[in-house]
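A.B. asks: let me see the structure of the following:
(2 chains)
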Protein chains: 2
Amino acid sequence: MPGVVTFDQLWSDLADVGRSPDTGGYRRYALSAEDHLLREWFAGEAERRGLDLVTDRMGNQWAWWGDPDTTPGVVTGSHLDSVPDGGAFDGPLGVVSALAAVDRLRADGFVPARPIGVVNFSDEEGARFGVACAGSRVITGAMTAERALGLTDEHGISMAEALRSAGRDPVQIGADPQALRRIGCFVELHVEQGRGLIDLDQPVAIGTDIWPHGRWRIDFPGEANHAGTTRLVDREDAMIGLASTVLAARSAATTQDCVATVGKTLIVPGGVNAIPSSATAWLDTRGSDEAAVRRTVAEVTSAAEPFGARFTEESWTPTTRFDPDLLRRLQRVLPEAPLLGTGAGHDAGILATAGIPSAMIFVLNPTGISHSPAEHAERDDCLTGVAALVAVLADLAGERS
Amino acid sequence: MPGVVTFDQLWSDLADVGRSPDTGGYRRYALSAEDHLLREWFAGEAERRGLDLVTDRMGNQWAWWGDPDTTPGVVTGSHLDSVPDGGAFDGPLGVVSALAAVDRLRADGFVPARPIGVVNFSDEEGARFGVACAGSRVITGAMTAERALGLTDEHGISMAEALRSAGRDPVQIGADPQALRRIGCFVELHVEQGRGLIDLDQPVAIGTDIWPHGRWRIDFPGEANHAGTTRLVDREDAMIGLASTVLAARSAATTQDCVATVGKTLIVPGGVNAIPSSATAWLDTRGSDEAAVRRTVAEVTSAAEPFGARFTEESWTPTTRFDPDLLRRLQRVLPEAPLLGTGAGHDAGILATAGIPSAMIFVLNPTGISHSPAEHAERDDCLTGVAALVAVLADLAGERS
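C.D. replies: Below is the predicted model:
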């Protein structure tokens, strides 16, 4: 069972990279030392298998079995970066399963009629520069190079500066139609991030659609002043607007049957005895219905308005429905797998929006928790995922006659 | 006018240390490179004047004119550290005015009967390690060495580690009765941090008392999870408790006629698409009436309880009334200066609590704003403050017959 052996081997290769000894969670941010290590690892695995490694204009890595410039290929894979203190599976499970599936196909003597590609997308989580799926957004033109390069991390370092520090030339960044032409279709395997498969009591599902979702940056003005000597009536305390808006977001999401989260804030100057002169909250809102998500954000905007808040839409992705023909093929190959939508954004969604036939395979997460060290998938379920991917790749690539 | 000349010179010496070119505000945290520079500067000024520099067990610097081991001296001075993005005056005005006053007395040929000391207190703002007036708290025993050394900054660096990095031995830290015995009385000159002198239309006031005030750390538990895939009902979002508590604090303070501020928070893990697994807010509460402050905190505690919040009292200082005899002497010397209480904590308050006769002189702040780059004092008012301090020191030290 080469797929099983390589799965275990690849999984243990990654176990320690960027892992906190305190929490067991991962910090693998775009263009960090950990990211560099993971990219080197991916390049090494491609080389070890004699796959042709191509790096596109956004730094996404593509390992090809066969020549996709002759015939567009069947691509699988995911990403290796993480959220702050993230789980081990979100991203890496898709990359490791892809490599294990290729090994299994080759060990079985399978010769694909169409090329098969394994991708490692850059900066899927947006943990450092604030925009998720930056790698796929830029190559598809969903985000301009100019905007990407100007994004800054919490230390004020721009993506352009971070690229230069990593020895890469920001001028290279941009839409990459050639990279896209090589993708005949894309199937991303991913750990499930909710409780859908728990409720369905199944190890694997076929992803049907991604909820509409967006991120908004909300800036609240204030006036710095002394916490002890400034009367309440004289205050412009930016924290009050932020707190009210956090609660308004929860309330609006409840009313509209959406989800809304403020998981990141920036309080300036941040002293215990200084009234905040500014406060920023990042709002993440999603739901199964686009209009409901928009209504949620509109309600939050109204609630924040009296505090002089300024809203900036950092990203917006409408409902993404995966390719119906591709879904039918996956259902034929995996007749027992249920269909499942998701509230999580993925590179598969960005490619689908760009017109590339895409779909997803989800693997059971017994905790239902993701973006946390508690995220989990049992080894048996991971191997069921690899087997599903093997069957899907074989079907989509076809065997050379 | 040597006092005037040295005031201008000393003031310009300090103008650039730790100043942000963007905001014009200052970042001068305890045991930082800026702090080191400021301490070197103070030592140099002491040496230039032939004052005897003594550093006590907490690193507070004392520059003596005369021998305080023979007769306890009259001490003036303040601190040189700042809050994040603080103003130029909070602290440095008292140190610079003290040195300028000494220069003026000497230029006038004044020979004090009792020693005169100028102090630079360490870590008054508590901006780095979270406890204000750490320098005076430790030497008076109001904070134990053990607690001080275990305080950590936002990077998890303890005060003990920071001391070692600065080349100082943490074992030295502790109560210092010998340093205290040298202080016959203490008069701290400080920029006013509210609007009292604006309303009274006066350049200088005599400080009568410091409001009771405290700091509480409030920890909210949560469960990290994915912002897109976790239903609202399944969430334990630490941010919701924090936001509710911020609003409860404002409401309680309004009811109780106190002030309450949340100026610093810590959201973990801090990702845009991750539900916070923990959130911490620091609450600063003060008021003219001790019972009302306690009631405010009790109301906030009740409001935070449903969220599983844990309260830790990081500091508590009851009402501090300055020494009545010392106040009467200051009133005789400065008959036109009004009397003024304050909501701001000061080292003078800590020394007063330790039984050392203490008082304060406030200088008009025309913006009424402090802990901000907008904090201000006009040069003329500063010089009026120096003149007031000269008169007070001459009266308290007495002229050698």
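A.B. asks: number of residues surrounding residue A:358?
C.D. replies: Neighbour count for residue A:358, taken as other CB atoms under 10 Å in any protein chain shown: 27. C-beta: built from backbone N, CA, C; applies to glycine.
A.B. asks: what's opposite it in the beta bridge?
C.D. replies: residue A:186 (DSSP bridges).
A.B. asks: which residues does it contact?
C.D. replies: The neighbours of residue A:358, taking CB atoms under 8 Å, 6 or more residues apart in numbering or on different chains as the test, are A:185, A:186, A:187, A:188, A:322, A:323, A:326, A:348, A:349, A:351, A:352.
A.B. asks: pLDDT weak spots in the stretch 251-400 of chain A?
C.D. replies: Along the stretch 251-400 of chain A, no part satisfies pLDDT under 70.
A.B. asks: residue A:312 falls within a helix, correct?
C.D. replies: No: with DSSP: H, G, I helix; E, B strand; the rest coil as the criterion, residue A:312 is located in strand rather than a helix.
A.B. asks: contact partners for it?
C.D. replies: A:216, A:217, A:218, A:219.
A.B. asks: closest to residue A:166 out of these?
C.D. replies: Within these, the smallest distance to residue A:166 is 25.4 Å, found for residue A:217 (CB to CB).
A.B. asks: what about that closest one, how many residues nearby?
C.D. replies: 17.
A.B. asks: surely it meets residue A:280?
C.D. replies: Yes: here residue A:217 reaches residue A:280: they are 6.3 Å apart, a contact under CB atoms under 8 Å.
A.B. asks: sort out which of the contacts of residue A:358 are in helices and list them.
C.D. replies: When DSSP state H is applied, those are split such that A:326, A:348, A:349, A:351, A:352 fall in helices.
A.B. asks: is it true that the fourth one touches residue A:135?
C.D. replies: I take that to be residue A:351. No: between residue A:351 and residue A:135 there is no contact under CB under 8 Å: 10.7 Å.
A.B. asks: that older thread, switch the contacts of residue A:312 over to a markdown table; also include distance to residue A:318, secondary structure and pLDDT.
C.D. replies: Converted to a markdown table, the contacts of residue A:312 look like this (distance: CB to CB, whole Å; DSSP: H, G, I helix; E, B strand; the rest coil; pLDDT from 0 to 100):
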| residue | distance to residue A:318 | secondary structure | pLDDT |
| --- | --- | --- | --- |
| A:216 | 15 | strand | 97 |
| A:217 | 20 | strand | 97 |
| A:218 | 21 | strand | 98 |
| A:219 | 25 | strand | 98 |
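A.B. asks: can you select the buried ones among these for me in ChimeraX?
C.D. replies: To isolate the buried members of the contacts of residue A:312 in ChimeraX, using 16 or more other CB atoms under 10 Å in any protein chain shown:
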select /A:216,217,218,219
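A.B. asks: tabulate the contacts of residue A:312 (CSV), appending distance to chain B.
C.D. replies: Listed next are the contacts of residue A:312 as CSV, based on distance: CB to the nearest CB, whole Å:
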residue, distance to chain B
A:216, 10
A:217, 9
A:218, 12
A:219, 15
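A.B. asks: tell me the one of the contacts of residue A:312 nearest residue A:295?
C.D. replies: Each of the contacts of residue A:312 was checked against residue A:295 using CB to CB; the closest is residue A:216, at 13.9 Å.
A.B. asks: measure the closest one to residue A:297 for me?
C.D. replies: Residue A:216 sits at a distance of 6 Å from residue A:297 (criterion: CB to CB, to the nearest Å).
A.B. asks: can you name the residues that contact the closest residue to residue A:247 other than its chain neighbours?
C.D. replies: Leaving out its chain neighbours, the residue that sits closest to residue A:247 by CB to CB, 6 or more residues apart in numbering or on different chains is residue B:243, at 5.2 Å. The neighbours of residue B:243, taking CB under 8 Å, 6+ apart as the test, are A:242, A:243, A:244, A:246, A:247, A:262.
A.B. asks: what's the helix or strand for the fifth one?
C.D. replies: When you say that, I think you mean residue A:247. helix A:238-256 (DSSP states H and E).
A.B. asks: so for that helix, what gets flagged as buried?
C.D. replies: Result for helix A:238-256 [16+ other CB under 10 Å]: buried residues A:238-250, A:252-253, A:256.
A.B. asks: list the residues that contact residue A:211.
C.D. replies: By CB under 8 Å, 6+ apart, the contact list for residue A:211 reads A:286, A:287, A:288, A:293, A:319, A:341, A:342, A:343, B:228.
A.B. asks: just give the nearest non-adjacent residue to the third one, would you?
C.D. replies: So the one you mean is residue A:288. In space, residue A:288 is closest to residue A:211, 5.6 Å off (CB to CB, 6+ apart).
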